[in-house]
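Participant: Structure, please.
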Amino acid sequence: MFTDGTAPGVSVESLWRSARSTRCEAKSCQTGKISTAEAAVQSHTSQDAAVQTDQRSDAAQGFQQEVQVDETGLLSFLQRVESAVIKELNKNWKSHAFDGFGVNWREQSKTVLCLHRLSYPEAQQQKLQVTSVSWNATGAVVACSYGHLEDGDWSTAKSYVCTWNLERRGLNPQRPDLVVDVPSSVMSLAFHPSQPSLLAGGLFSGELVVWDTSRTEDPVVWRTGITDDTHTEPVYQLARGEAAVGVTSLSFSPLDPCVLVVGAEGGAPLKCRPAAACRRAPAELAFAPHAGPVYSLSCSPFHRNLFLSCGTDGQVHLHSMLQPQPLLALQLSQQYLFCVRWSPARPLLFAAAAGEGVVHLFDLGKSSQKPAVSMEQSVGQGPVHCLEFNCRQPQLLAAGDASGTVRVWQLSSDFTEQGARELKHLEQLASETRG
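Facilitator: Numbers count the residues shown, from 1 in each chain. Model (predicted):
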């Protein structure tokens, strides 16, 4: 049988490695030295030569010959026409044919674009209408009120006031920055002219409320409540001035704070002065009436005696406060006109909100017969109830309609840049007399 066993180790030394190491030698090699030399070469002489064709003897020589000028005849001609030329130059200098013409290197644009379509879905689900819009003092925030213009519920008609900051990054047109629940329909809205966060509203119940839009919790800072001294009818319009007048519409003159124009249900605008400013009767002059209630008035920001009115007859009247008859009567719509506003940038431009769901821009400098452009806002969905120009950014126009939507329109330069003769044209309109 096999058994395990161990044997001592055996080592064998390498004879090749020891012999190899003794024969190693170091060697080196180098090529022979290479000779180099440098030399420069330069020419000693140079010569230029030109080649030209010979001129033919029969070549045309009209342009080669010196022009002969009859200096005596030229002087005689200039002396003869001098007086006539000076006369025409003086005539052109006094002419106004090119007054108002200015070189504009930018391409003129007459387009109107809809920048934003703002809405509050919960108000739309309740079929509430936009009753009023207003821009704040900075021109960055637009507010709208919701309610019903044709009627209202004194106890259960809940409504809203919403604001959007159009300069906020990530603007959501269907998610307002601020939503205020109001227990009664809000019929009118107006931001404070210098404090951007203060917003006043007139309710269907007759109350007046002031909100501070910078406060997200309990923004109400003042309200009149319902007492014997407050309104007992809906407040359809708000304005800041020296007196409060309860009528269907009103407009204070921005150039004369003691003068305001009011519109009554009978259709006649009235020129008034607040009772504190004079001891006479507040109504100084009654103007030719519309064929129905006056829904809106707007005093010109460029002329102290001009104002616009519109109403249920679909007409816009241009009035002078110095005479009862209108200077112009423009039939803009076959339905009601709910609002009219002068442009803060163009003396001859105004906008009107029509019952057909259209916003008309009218340029009296271009035509007194038809609108310059008509923007279809809510055609087939109800009238446009309200509109306001942005005084800080006059290229922006906000309009609210019966579908519960506020559209912000961007006007092109043609509707925002004032012409050189525009104020003079406005003065000519104001000086016209109607019997």
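Participant: For the residue nearest to Glu284 when sequence neighbours are not counted, grab the count of nearby residues.
Facilitator: Distances taken as CB to CB, 6 or more residues apart in numbering put Lys271 closest to Glu284, at 4.9 Å, once the chain neighbours are dropped. Every C-beta, even on glycine, is put in place using the N, C-alpha and C of the backbone. Neighbourhood size, Lys271 [other CB atoms under 10 Å]: 21.
Participant: looking at this, Lys271 is in a strand?
Facilitator: Yes - assigned with DSSP: H, G, I helix; E, B strand; the rest coil, Lys271 falls within a strand.
Participant: how near is it to Gly263?
Facilitator: 11 Å (CB to CB, to the nearest Å).
Participant: show me where the stretch 51-200 of the chain has helices.
Facilitator: 71-94, 121-125 (DSSP state H, counting those that start in this stretch).
Participant: export those to TSV and tack on mean neighbour count, mean pLDDT and distance to Phe350?
Facilitator: Shown next, in TSV, are the helices of the stretch 51-200 of the chain (neighbours: other CB atoms under 10 Å; pLDDT from 0 to 100; distance: least, CB to CB, whole Å):
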stretch	mean neighbour count	mean pLDDT	distance to Phe350
helix 71-94	9	90	34
helix 121-125	14	94	29
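Participant: For Met321, find the nearest of these.
Facilitator: Nearest to Met321, of all the helices of the stretch 51-200 of the chain, is helix 71-94, at 34.4 Å by CB to CB.
Participant: other SSEs contacting that closest one?
Facilitator: For helix 71-94, there is no helix or strand it packs on, judged by 3 or more CB pairs under 8 Å, 6 or more residues apart in numbering; DSSP states H and E.
Participant: now stretch 270-279: mean pLDDT?
Facilitator: Mean pLDDT, computed over stretch 270-279, is 68.
Participant: Now for Val186: which residues touch it?
Facilitator: By CB atoms under 8 Å, 6 or more residues apart in numbering, the contact set of Val186 is 131-132, 145-147, 159-161, 201-204.
Participant: Can you tell me how far it is from Gln410?
Facilitator: From Val186 across to Gln410, the span is 27 Å (CB to CB).
Participant: One more: Ala140?
Facilitator: According to CB to CB, Ala140 stands 15 Å off from Gln410.
Participant: Kindly report the same for Val359.
Facilitator: With CB to CB as the criterion, Val359 and Gln410 are 13 Å apart.
Participant: Show me which of these two is the more surrounded one.
Facilitator: Each of Val359 and Gln410 has its neighbours counted (other CB under 10 Å); Val359 has more, 24 against 16.
Participant: On the secondary structure side, give me the element for that one.
Facilitator: According to DSSP states H and E, Val359 maps onto strand 358-363.
Participant: Name the surrounding residues that touch that strand.
Facilitator: For strand 358-363, using CB under 8 Å, 6+ apart, the contacting residues are 112, 316, 330, 332-333, 346, 348-354, 371-377, 379, 384, 387, 397, 399, 409, 411, 415.
Participant: repeat that with 7 Å
Facilitator: By CB atoms under 7 Å, 6 or more residues apart in numbering, the residues outside strand 358-363 that reach it are 332, 348-354, 371-377, 379, 384, 387, 399, 415.
Participant: Over to stretch 257-265?
Facilitator: 241-242, 245, 247-253, 269-274, 277, 293-294, 297, 299, 307, 309.
Participant: Which members of those residues occur in strands, if any?
Facilitator: 249-252, 269-272, 294, 297, 299, 307, 309 (DSSP state E).
Participant: one step back: which one of the contacts of Val186 sits closest to Val340?
Facilitator: Ser132 (14.3 Å).
Participant: Of the ones in strands among the contacts of stretch 257-265, just say which sits nearest to Gln47.
Facilitator: Using CB to CB, those come closest to Gln47 at Cys299, 91.8 Å.
Participant: How many residues are close by that closest one?
Facilitator: Cys299 has 23 nearby residues by other CB under 10 Å.
Participant: Show the pLDDT at it.
Facilitator: 94.
Participant: Next: Gln237.
Facilitator: Reported pLDDT for Gln237: 50.
Participant: Just list whatever residues bridge to the closest residue to Val294 other than its chain neighbours.
Facilitator: Excluding its sequence neighbours, the residue lying closest to Val294 (CB to CB, 6+ apart) is Gly263, at 2.8 Å. Beta-bridge pairing for Gly263 (DSSP bridges): Ser249, Pro269.
Participant: Let me see the ranges of the strands in the stretch 51-200 of the chain.
Facilitator: Assigned strands in the stretch 51-200 of the chain, in chain order: 112-119, 129-135, 141-147, 159-165, 178-182, 186-191, 198-203 (criterion: DSSP state E, counting those that start in this stretch).
Participant: mind giving me CSV with the ones in strands among the contacts of stretch 257-265 and columns for distance to Glu284?
Facilitator: Converted to CSV, the ones in strands among the contacts of stretch 257-265 look like this (distance: CB to CB, whole Å):
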residue, distance to Glu284
Ser249, 18
Leu250, 15
Ser251, 15
Phe252, 15
Pro269, 12
Leu270, 8
Lys271, 5
Cys272, 7
Val294, 17
Leu297, 15
Cys299, 15
Phe307, 14
Ser309, 16
